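K.L.:
Here's my sequence, what's the structure:
(one chain, ligands or ions: 2)
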Amino acid sequence: MMNYISMLKEHGLKATFQRMHILEVIGEYGHKDIDEIYAEVIKVHPSLSLATIYKNIIIMSQSGVLSEVPVIGKKSKYEISKQDHIHLICTHCGSIEDKNIFIENKNSLDQLVISEHFNLEKKEINLYGVCSHCQNIKAS
Ligand SMILES: [Zn+2]
Ligand SMILES: [Zn+2]
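P.N.:
Numbers count the residues shown, from 1 in each chain. Ligands and ions are numbered 1, 2, ... in the order given. Just a heads-up that it's a prediction; the model follows:
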């Protein structure tokens, strides 16, 4: 189990109960959009407003605790930042799968960054399409 208190402190943020609870929700589900996070958080803290939760998600994204995953045609989802990985994003149901396969393209990526004199800060590869689950539903 990850220690969210030290994670927040490492990124220079206070470990408030709002932030802790947002991280617990995202940590449990992997990827969640703002409405889904809000729906979970108010079960425990009914007095929290959507604006407060949104503000804290933005602060945690800017500081690097969270990463925003854009979903075409839907609201962005958020995940707890971790090692570089690829996302398989379903444009039909909005599901996001993490895949730890950077290896194959690693050399060409490294070469591109070097030849462009690009000061790389973050690697993010998102693949958009229709997941196998949604393809099965369509076929039946
Ligand atoms: Zn799908
Ligand atoms: Zn991810």
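K.L.:
drop to CA atoms for contacts and neighbour counts, all remaining ones
P.N.:
Noted.
K.L.:
Flag the shaky bits of the protein, pLDDT-wise.
P.N.:
1-2, 101-106, 137-140 (pLDDT under 70).
K.L.:
Break it down into its structural domains.
P.N.:
1-81, 83-140 (automatic domain parsing).
K.L.:
Let me have those in a markdown table, extended by mean neighbour count.
P.N.:
A markdown table is the format used below for the domains of the chain (neighbours: other C-alpha atoms under 10 Å):
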| stretch | mean neighbour count |
| --- | --- |
| domain 1-81 | 16 |
| domain 83-140 | 13 |
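K.L.:
Any idea which of those domains gets closest to ligand 1?
P.N.:
Ranking the domains of the chain by proximity to ligand 1 (C-alpha to the ion) places domain 83-140 first, at 4.1 Å.
K.L.:
quick one, strands of the chain?
P.N.:
Here the chain has its strands, by DSSP state E, at 32-33, 66-69, 77-80, 86-90, 96-99, 125-129.
K.L.:
Output these in CSV; the columns should cover distance to Ala39.
P.N.:
Formatted as CSV, these follow (distance: least, C-alpha to C-alpha, whole Å):
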stretch, distance to Ala39
strand 32-33, 10
strand 66-69, 18
strand 77-80, 14
strand 86-90, 22
strand 96-99, 19
strand 125-129, 26
